[in-house]
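S.K.: Fold the stuff below for me.
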Amino acid sequence: MSLAEAIDISGIMDDLGSRARKSASALATANAERKHAALIGAAFTVRERRQEILAANAIDMANAKTKGMTAAFQDRLLLTEARLDGIADALRAIAELPDPVGSIIAEWDRPNGLHIERVRTPLGVIGVIYESRPNVTADAGALCLKSGNAVILRGGSDSLHSSRALVDCLRLGLKQAGLPEDGVQLVPTTDREAVGEMLRGLSGNIDVIVPRGGKSLVARVQSEARVPVFAHLEGLVHVYVDRSADLDKAVSITLNAKMRRTGICGAAETLLVHKDVVATHLAPIVEALAAKGCEIRGDATVLSLLPVAVPATEEDWKTEYEDAIISVKVVDSVEAAIAHIEHYSSHHTEAIIAEDAAAVEKFFNEIDSAILVHNASTQFADGGEFGFGGEIGIATGKMHARGPVGVEQLTSFKYRVHGTGQLRP
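M.R.: Next up, the predicted model:
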């Protein structure tokens with residue numbers, strides 16, 4: 001990028017917004033067959049260009065290592081043959097989803113004979129601001145396309161080469177299907193001012209912002225945005241082992257929830273164990289975690305029983321580690337577990353391991369998080385696992401979208417009212 005281009009961030013971003021708005025009009029009325037073809041074409045291109053994409057990712061990975069990025073960060077950034085297969089499979093899965101645009105959500109007749117329909121419509125132009133996860137590039141682009149929206153993607157600077165290679169696949173799919181390539185655009189600059197321009201709405205061309213990343217990114221978006229925001233807060237995820245928990249389930253579920261992939265937002269960060277099963281459950285769970293290389297940070301009870309633990313501080317209960325670290329606390333009751341979660345949670349995902357139906361019902365009724373899980377890993381907190389094909393993120397707010405943001409959550413609705421000549425008296 002030349003110096004002149006670097007100075008004119010506002011002009012670059014306004015141009016993206018203008019092109020996105022024009023594309024949004026075409027995508028909003030595109031038929032299901034064309035959108036399906038665009039996504040299938042993109043999936044095919046991801047497989048066909050895998051070596052180019054992996055080479056681009058290798059540049060990003062080398063830069064991350066030079067900068068001394070953490071192992072967890074590098075894991076989120078890394079693309080492999082298997083992960084590219086997963087991206088291509090997700091594109092195909094999104095392609096096969098029912099087209100939400102134009103579907104009738106509800107319909108009814110009024111006593112005066114009017115027939116009213118509530119119908120799904122695209123949101124328009126969506127700005128997605130996220131950190132260095134290349135798979136989000138593909139998921140976000142595909143979900144916006146499927147739901148008839150144009151999208152402007154601003155990924156982390158550390159994943160720029162990987163994201164550009166994946167966006168090229170999506171744009172080729174659009175072109176081959178006879179749809180505007182500018183329906184999916186990647187911000188071409190790493191300048192942070194580009195984010196500010198998006199948050200200001202690009203001269204009215206962005207309809208909604210979806211942030212996906214750490215606390216500082218989301219805080220900036222919520223503070224500065226002049227357009228609506230689907231908040232994706234950090235994943236401060238809890239697992240509560242009730243006194244009725246089956247031991248084998250408690251061990252295997254907690255191990256998977258924490259260690260399957262430590263860097264994702266559905267990874268468990270705090271383990272709460274009922275005092276009545278400390279003697280039977282705590283050691284096997286923690287020893288299984290430690291055997292996989294997980295650092296244990298515990299309260300006084302945990303420290304007295306487990307020599308592998310180190311003291312947990314107040315800050316630990318507030319921390320999304322995204323690493324092989326877990327905080328462990330013994331609680332007196334399900335009520336105490338709920339109180340701890342409600343105090344510290346980011347309202348993303350919480351799990352209860354229990355055989356007592358009353359405890360599960362209380363947990364589900366009294367905890368106000370987007371996703372609640374019973375006797376299963378918190379790492380199922382994922383749009384693909386929900387059957388959405390993929391997700392832009394997990395919305396932790398309460399307006400419009402909550403939980404995995406998939407194609408339906410990327411639509412609004414309008415009313416169609418059919419009459420036969422009725423006049424209002």
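S.K.: Grab the nearest non-local neighbour of Gly178.
M.R.: Arg34 (6.2 Å; Cβ to Cβ, 6 or more residues apart in numbering). Using the backbone N, CA and C atoms, a C-beta is placed for each residue, glycine as well.
S.K.: same question, Thr378
M.R.: Spatial nearest neighbour of Thr378, chain neighbours left out: Ala257 (4.4 Å); criterion: Cβ to Cβ, 6+ apart.
S.K.: ok, back up a step: in a strand, the residue nearest to Gly178, correct?
M.R.: No - Arg34 sits outside any strand when classified using DSSP: H, G, I helix; E, B strand; the rest coil, being helix.
S.K.: any idea how far it is from Val101?
M.R.: In this structure, Arg34 and Val101 are separated by 12 Å, where distance is defined by Cβ to Cβ, to the nearest Å.
S.K.: Which one of these two is surrounded by more residues?
M.R.: Neighbours were counted for Arg34 and for Val101 using other Cβ atoms under 10 Å; Val101 has more, 22 against 17.
S.K.: Contacts only, for the more buried one.
M.R.: 28, 32, 120-122, 147-148, 411 (Cβ atoms under 8 Å, 6 or more residues apart in numbering).
S.K.: go on, Asp139?
M.R.: 90, 94, 383, 390-392.
S.K.: coming back round to it: residues contacting the residue nearest to Thr378?
M.R.: With contact set as Cβ under 8 Å, 6+ apart, Ala257 has these partners: 237, 239, 266-268, 351, 377-379.
S.K.: And this protein, split by domain according to the record?
M.R.: According to automatic domain parsing, the chain is divided into the following domains: 3-232+392-417, 237-380.
S.K.: between those, which gets the lowest average pLDDT?
M.R.: Set side by side, the domains of the chain differ in mean pLDDT, and domain 3-232+392-417 is lowest with a mean of 92.
S.K.: Am I right that Asn63 is in contact with Ser159?
M.R.: No - in this structure Asn63 lies outside contact range of Ser159 using Cβ atoms under 8 Å: 9.7 Å.
S.K.: For those two, indicate the residue with more neighbours.
M.R.: More neighbours surround Ser159 than the other of Asn63 and Ser159, with 27 against 16 (other Cβ under 10 Å).
S.K.: residue boundaries of the strands in the stretch 151-300 of the chain?
M.R.: In chain order, the stretch 151-300 of the chain shows strands spanning 184-186, 208-212, 237-241, 268-274, 295-298, with DSSP state E, counting those that start in this stretch as the criterion.
S.K.: would CSV of the ones you listed with mean neighbour count be doable?
M.R.: Written out in CSV, the entries for the strands of the stretch 151-300 of the chain read as follows (neighbours: other Cβ atoms under 10 Å):
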stretch, mean neighbour count
strand 184-186, 25
strand 208-212, 25
strand 237-241, 28
strand 268-274, 27
strand 295-298, 21
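S.K.: want to try a markdown table for those, with distance to Asn135 as columns?
M.R.: Compiled in a markdown table, the strands of the stretch 151-300 of the chain are given as follows (distance: least, Cβ to Cβ, whole Å):
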| stretch | distance to Asn135 |
| --- | --- |
| strand 184-186 | 14 |
| strand 208-212 | 11 |
| strand 237-241 | 19 |
| strand 268-274 | 21 |
| strand 295-298 | 27 |
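S.K.: which ones are touching the residue nearest to Gly178?
M.R.: 177-179.
S.K.: what's the pLDDT at Ser2?
M.R.: 45.
S.K.: Over to Gly384?
M.R.: 81.
S.K.: Would you agree it is in contact with Ala90?
M.R.: Yes - Gly384 lies in contact with Ala90 (Cβ under 8 Å); the separation is 6.1 Å.
S.K.: tell me, what's touching these two both at once?
M.R.: Listed as contacting both Gly384 and Ala90 by Cβ under 8 Å, 6+ apart are Gly390.
S.K.: more neighbours, those two?
M.R.: Under the criterion of other Cβ under 10 Å, the comparison of Gly384 against Ala90 puts Ala90 first, with 24 against 18.
S.K.: Checking my notes, that one in a helix, right?
M.R.: Yes - counting by three-state DSSP, one finds Ala90 located in a helix.
S.K.: Need the nearest residue in space to it, chain neighbours excluded.
M.R.: For Ala90, the nearest residue in space outside its immediate sequence neighbours is Gly390; the separation is 4.7 Å by Cβ to Cβ, 6+ apart.
S.K.: distance of that neighbour from Gly204?
M.R.: In this structure, Gly390 lies at 28 Å from Gly204, with Cβ to Cβ as the measure.
S.K.: Same check on Val286?
M.R.: Remark: distance between Val286 and Gly204 (Cβ to Cβ) = 54 Å.
S.K.: before we move on, what about Lys292?
M.R.: Going from Lys292 to Gly204 by Cβ to Cβ gives 50 Å.
S.K.: isn't His274 right up against Val239?
M.R.: No - the pair His274 / Val239 is not scored as a contact, 12.0 Å apart, by Cβ under 8 Å.
S.K.: What about the residue nearest to Asp382 when sequence neighbours are not counted, how many residues nearby?
M.R.: Excluding the flanking residues, the one nearest Asp382 by Cβ to Cβ, 6+ apart is Gly266, at 6.2 Å. Look at Gly266: counted by other Cβ under 10 Å, it has 22 neighbours.
S.K.: Hmm, Gly266 is touching Ala376, no?
M.R.: No - Gly266 is not in contact with Ala376 according to Cβ under 8 Å; the separation is 11.2 Å.
S.K.: just to revisit the earlier point, including neighbour count, could the contacts of Val101 go into TSV?
M.R.: Rendered in TSV, the data for the contacts of Val101 read as follows (neighbours: other Cβ under 10 Å):
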residue	neighbour count
Ala28	17
Ala32	16
Arg120	20
Thr121	16
Pro122	24
Ser147	27
Gly148	27
Thr411	21
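S.K.: Determine which two of these are furthest apart.
M.R.: In the contacts of Val101, two members sit farther apart than any others by Cβ to Cβ. They are Ala32 and Thr121, at 14.6 Å.
S.K.: nearest to Arg424, of the domains of the chain?
M.R.: Judged by Cβ to Cβ, the one of the domains of the chain that comes nearest to Arg424 is domain 3-232+392-417, at 8.6 Å.
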